[in-house]
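Student: Provide a 3D model corresponding to the input given below.
(2 chains)
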Amino acid sequence: MTAVEVGSSATSSGVQSATKSNFLATVAAYLMTNDHRRLGRMLISISAIFALATAVEGALLAAERISTSSALLGSDIIVQLFSAFRFDLIYAVTAPLMLGLAVAVVPMQIGARSLAFARAALLGFYLWFFGVVLVGTAYLNNGGPGGGDAEMVDLYFGGLGLVVAGLLLISASVATTVLTSRRAGMTLIEAPIFSWSALVTSISMLVTLPVAVGALIFVAVDHSYERSTFGASDGVNAWLGWAFGAPQVFLVAIPTLGVLAQIVATMTKGKQPLRGGLLIGVGLMSTAMLASVTQTSHTVTFSGGLGEIAKSLVPYLLFNDLSILGVLIVLGLCLLAMKNERAKLDAAFVPAFLGVGMVLTGMIGSAVQKITNLNLANTVFEEGVLVYVTYGVLLSSIGAVSYFGPRIWGRQMPSTPVIGLGLLGFLATVLASLPFFIAGFADQPAATVTDFKYSGPAWLWNSLVTVGHLLMTLVVLSFIGLAMKSFRKGELNTATSADLFESVKG
Amino acid sequence: MSTTANALGAGPKMIVRRPILVLAGLLSTVSAMVMGSMLAIWLDFRSNAPLRESTDGTKMLRDWLPENIKIPEVATNTMMMTFVITCVMAQWAIYSSRRNDSKHTSLALGVVLLTEIALINAQLAVYTQMGIGVRDGSYMTMFYAVTATMLAMIVVCTGFTLLALFRSIGGRSGDKDLVIAHAVYCYAISAIFSMLWLVVYVQK
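Tutor: Numbers count the residues shown, from 1 in each chain, chains lettered A, B, ... in the order given. Model (predicted):
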């Protein structure tokens, strides 16, 4: 009996040791992976966790504005929180989320064995991750834009540089994969629409982010030595503000069009009507990079003579509205494809479609904001635009993960919860942004939590926004739980590649 | 039964797509955009600088480059010419590599390495001869930021050259793509420097 017990104990410790060893081996395999699916999973998972933190930041900021006479947090923290919210929405959540999807899916779609320069992409992941951690640390210690701790501000610049370098490496890897690793016989025009959108995003990032690096070098050197030419730590908003808002954020949202078009293409199981138009639509959205590269905001004023209006209207349309045309083309063509009688609704379509709808609303809002007669500059309208687009990207990612997930994780997600979370996410997005569109017209100032008054129920709009952000936190948390459960214990994936990827030839 | 009848048809034509070349192109684009952004800000500051009278009082000048600062034009012009030599040598490396002439490939890459070291040395000489401090004023801060970024790009190019040279010396004479990609980056860096040379050293 004793011998048996010893044996049992030995077996048990052996199993424990093996389990521990397996766990460590899995962790090590993930940390040093050059498998595109693992790298994609890491990017998607970590940005989903950052999305939770970002939604909580949004809720805190909105809750602070419910009462205009008192503040829960200190003024320094508020300044940092406003800046952190904008940074997190774009560079900690949406950009890595979309690039993570591209990293995981693109090689499979184009028939490549692996990601081109996979180790460079892994290095990019680490640079991005530690960059976000450093930027977060700087924010927590009063080191963001306008921060009072000089050393922490330097840390912020370093972290921001790492984040941009990481995203550039991942973008370069994705772009090179699409351009050079397609299976024999597949031309670029025949590449699946999601891969095409990933290519367009990657190249847009490779063109625009270095412009931010150039400005960042000047601001960082100025902060370290002279502290007057570029406004020291305040210089970030003046010289790099364009990188934390529209239209730069539109570039990150380009793959949402790819996700929607991809889902529709396989739902209809037929040849995509006017596929060339679809590619043009996705390409047109990248015209947003023109505004980013010029580092200016192109506004229009409807006053004075026709000549004066035309002078500001042409650049306004070129820099702000061409990208909206791109989204409209893709949406129109997707709806046209849905007329196919063989079309069968896929659960992933709901969040993907609503996500693109939210991105479009945000883009239209951004165009409206740039009409100077409406006096929407420096109001919360701008925050509404940013939240519409970034939460739209989050919604689209829910659709993308449930659609591509079976190919990445090997198991399926149940349809009903995905549709439910999509609808709930839509509600959360509208609640978190639409009230700020209204409050913007009532002149509620941006980046201020106290001492503002306007004729309207300020408490109502800010309460609704708080509820919206909290609801989005809940949606993201529920989706993470659903994904973890489904991809570990769900039904095995039975779909063939023909079911998951569009047929170009029809 | 004829064996020809049972033979499989030819597959799609294999396409050699050269990822390292595409990556070099993307790296060149990124470098050009960084420098383009910095020079755009430089030009913006220069055009918005206040006006002042020249020392002889005959004309109005932009108060941008402080009067006591002299740009060492011999060193900067030499840098520009050294870049031309770098490009010719990088092309020679491609020429030799295509002919499987590993000795000349290595020799050409060695000369490229030498010119890059000369470029780094020249840039440091420019700093020494100018004798300005990074915190002395707007012009000085921006001058160091923009030229140090260029210096960093030259150092990256030097690393690329070392990699190509080691592989060439190590016997990878068939690795033509790397030599071509190296040359692409050398050309890009030269073009970027010529922009900087014109804006910062010639127009000042």
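Student: Go ahead and flag the most central residue of chain A.
Tutor: For chain A, the residue lying nearest the average C-alpha position, counting by C-alpha atoms, centre = their mean, turns out to be A:Thr94 (1.5 Å).
Student: Okay, helices next: where are they in the stretch 201-350 of chain A?
Tutor: Per DSSP state H, counting those that start in this stretch, the stretch 201-350 of chain A carries helices over the ranges A:235-240, A:248-252, A:254-268, A:275-285, A:288-294, A:306-316, A:322-337, A:349-369.
Student: who does the first one touch, helix- and strand-wise?
Tutor: This points to helix A:235-240. Packing partners of helix A:235-240 (3 or more C-beta pairs under 8 Å, 6 or more residues apart in numbering or on different chains; DSSP states H and E): helix A:193-224. No exception for glycine: its C-beta is placed from N, CA and C like everyone else's.
Student: A:Val465 touches A:Ala432, doesn't it?
Tutor: Yes - at 5.5 Å, A:Val465 and A:Ala432 qualify as touching, with contact defined as C-beta atoms under 8 Å.
Student: shared neighbours of the two, anything?
Tutor: Common contacts of A:Val465 and A:Ala432, defined by C-beta atoms under 8 Å, 6 or more residues apart in numbering or on different chains, comprise A:Gly58, A:Ala62.
Student: Which residue would be the closest one in the stretch 1-150 of chain A to chain B?
Tutor: Of all residues in the stretch 1-150 of chain A, A:Ala116 sits closest to chain B, with a separation of 4.7 Å (C-beta to the nearest C-beta).
Student: secondary structure class for that residue?
Tutor: Put simply, A:Ala116 is coil when judged by DSSP: H, G, I helix; E, B strand; the rest coil.
Student: Number of residues surrounding it?
Tutor: 25 (other C-beta atoms under 10 Å in any protein chain shown).
Student: Report pLDDT for it.
Tutor: We have a pLDDT of 90 for A:Ala116.
Student: Any chance of the backbone angles for it?
Tutor: As for A:Ala116, its main-chain torsions (degrees, to the nearest 10) stand at phi -70, psi 130.
Student: Report the helix or strand with the lowest average pLDDT across chain B.
Tutor: Across the helices and strands of chain B, mean confidence by mean pLDDT, DSSP states H and E is lowest for helix B:3-6: a mean of 50.
Student: Burial check on A:Met32, number of neighbours?
Tutor: Around A:Met32 sit 10 other residues, with neighbours defined as other C-beta under 10 Å.
Student: Pull the contacting residues for it.
Tutor: A:Met32 is in contact with A:Leu122, counting by C-beta under 8 Å, 6+ apart.
Student: what separates it from A:Arg119, distance-wise?
Tutor: Distance, A:Met32 to A:Arg119, by C-beta to C-beta, to the nearest Å: 9 Å.
Student: ok, now A:Thr448?
Tutor: 46 Å.
Student: For chain A, what is the nearest residue in chain B?
Tutor: B:Ser37 (2.9 Å).
Student: nearest residue to that residue other than its sequence neighbours?
Tutor: Here the nearest residue to B:Ser37 in space, its sequence neighbours aside, is A:Gly214; by C-beta to C-beta, 6 or more residues apart in numbering or on different chains that works out to 2.9 Å.
Student: Under a three-state scheme, what state does the closest residue to B:Arg46 other than its chain neighbours occupy?
Tutor: Leaving aside its sequence neighbours, B:Arg46 sits nearest to B:Trp64 (C-beta to C-beta, 6+ apart; 4.9 Å). Judged by three-state DSSP, the three-state class of B:Trp64 is coil.
Student: For the longest helix anywhere in chain B, buried residues please.
Tutor: Counting by DSSP state H, the longest helix found in chain B is helix B:138-169. Neighbour-count burial for helix B:138-169, counted by 16 or more other C-beta atoms under 10 Å in any protein chain shown, picks out B:138-147, B:149-151, B:153-154, B:157-158, B:160-161, B:164-165, B:167-168.
Student: Show me what the helix or strand containing B:Met79 packs onto, helices and strands only.
Tutor: B:Met79 is located in helix B:73-98, with elements delineated by DSSP states H and E. Counting contacts by 3+ C-beta pairs under 8 Å, 6+ apart, helix B:73-98 packs against helix B:102-130, helix B:138-169, helix B:176-196.
Student: go again using 6 Å as the cut-off
Tutor: On a contact count with 3 or more C-beta pairs under 6 Å, 6 or more residues apart in numbering or on different chains; DSSP states H and E, helix B:73-98 meets helix B:102-130, helix B:176-196.
Student: nearest to A:Leu376, of those?
Tutor: A:Leu376 lies closest to helix B:176-196 among these, at 37.6 Å (C-beta to C-beta).
Student: For that closest one, buried residues please.
Tutor: Within helix B:176-196, the residues that count as buried by 16+ other C-beta under 10 Å are B:176, B:178-190, B:192-193, B:196.
Student: And what about A:Asn142, helix, strand or coil?
Tutor: Using three-state DSSP, the structure places A:Asn142 in coil.
Student: What of B:Arg52?
Tutor: Here B:Arg52 is recorded as strand under three-state DSSP.
Student: could you measure it against B:Trp64, distance?
Tutor: 9 Å.
Student: So for these two, which sits in the more crowded spot?
Tutor: B:Trp64 (17 against 12).
Student: Chain neighbours aside, what residue packs nearest to B:Leu39?
Tutor: Nearest non-adjacent residue to B:Leu39, counting by C-beta to C-beta, 6+ apart: B:Val199, 5.2 Å away.
Student: typo on my end, it should be A:Ile46
Tutor: Excluding the flanking residues, the one nearest A:Ile46 by C-beta to C-beta, 6+ apart is A:Phe129, at 6.4 Å.
Student: just A:Leu73 next, same as before
Tutor: Per C-beta to C-beta, 6+ apart, closest to A:Leu73 is A:Glu64, 6.4 Å.
Student: Also A:Glu151?
Tutor: Per C-beta to C-beta, 6+ apart, closest to A:Glu151 is A:Gly143, 7.4 Å.
Student: doesn't A:Phe157 make contact with the one you found?
Tutor: No - counting by C-beta atoms under 6 Å, A:Gly143 stays clear of A:Phe157, with 9.2 Å between them.
Student: Flag every residue of chain B that's near chain A.
Tutor: Along chain B, the residues adjacent to chain A under the rule C-beta under 6 Å from any C-beta of the partner chain are B:12, B:14, B:17, B:19, B:22-23, B:26, B:30, B:33-34, B:37-38, B:41, B:134-135, B:138, B:141, B:145, B:149.
Student: Show me the shaky parts of the stretch 151-300 of chain A.
Tutor: For the stretch 151-300 of chain A, residues meeting the criterion pLDDT under 70 lie at A:270-273.
Student: which residue does it bring closest to chain B?
Tutor: Taking C-beta to the nearest C-beta as the measure, the point where the stretch 151-300 of chain A comes nearest chain B is A:Gly214, at 2.9 Å.
Student: and the residue nearest to A:His36 when sequence neighbours are not counted, what does it touch?
Tutor: Of all residues not flanking A:His36 in the chain, A:Leu115 sits nearest, at 4.1 Å (C-beta to C-beta, 6+ apart). Contacts here follow C-beta atoms under 6 Å, 6 or more residues apart in numbering or on different chains; on that basis A:Leu115 touches A:His36, A:Pro107, A:Ala121, A:Ser173, A:Thr177.
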